[in-house]
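Novice: Okay, here's the prediction I keep looking at, along with the sequence it came from:
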Amino acid sequence: MLNYEELMSKAKEAYNNSYAPYSKFCVGAALITDDGSLYTGCNIENASYGATNCAERTAIFKAVSEGHRKISVIAVAAKDGSTAYPCGMCLQVMNEFMKDGRILLEEKGQLISYALSELLPHGFDL
């Protein structure tokens, strides 16, 4: 199993595959499922903006499409070095598949680990 630093490194590798011709904001994500499987994703923009997909959701959807329903941890990194906090849509998707998981971000070279409830205190379920 990868440690947090190695997982963040995988997220940074993933942002190199970003398709961000409009915002120029390249983001990568790497996650570990409950059985130890690794999935990565990058942001993919579209001229219609609404069809754009964030790195976090790309990685989560890849994992879910392969049959995984529980994610333990996700790392998110921006190529420009800024702290890449997940957007509201990504947080709500995380609420579906990683309620008890950790979210790893990097701020000024330091890894920060958040519980989902810290970033999405009032997520909803059906």
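Specialist: That came through fine.

Novice: Neighbours of residue 119, how many?
Specialist: The number of residues packed near residue 119 is 17, by other CB atoms under 10 Å. No exception for glycine: its C-beta is placed from N, CA and C like everyone else's.

Novice: quick one: contacts for it?
Specialist: For residue 119, the contact set (CB atoms under 8 Å, 6 or more residues apart in numbering) comprises 85-86, 91, 103.

Novice: Report the buried members of those residues.
Specialist: 86, 91, 103 (16 or more other CB atoms under 10 Å).

Novice: and those residues as CSV, adding distance to residue 15 and secondary structure?
Specialist: Conversion of the buried ones among the contacts of residue 119 to CSV gives the following (distance: CB to CB, whole Å; DSSP: H, G, I helix; E, B strand; the rest coil):
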residue, distance to residue 15, secondary structure
86, 14, coil
91, 19, helix
103, 16, strand
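
Novice: got TSV for those residues, with distance to residue 30 too?
Specialist: Formatted as TSV, the buried ones among the contacts of residue 119 follow (distance: CB to CB, whole Å):
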residue	distance to residue 30
86	13
91	17
103	12
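
Novice: with those residues in mind, which one is nearest to residue 70?
Specialist: residue 103 (14.9 Å; CB to CB).

Novice: ok, that closest one touching residue 72?
Specialist: No: Residue 103 lies out of contact with residue 72 (CB atoms under 8 Å); the separation is 11.0 Å.

Novice: And residue 50, how far from residue 56?
Specialist: Between residue 50 and residue 56 the computed distance is 17 Å (CB to CB, to the nearest Å).
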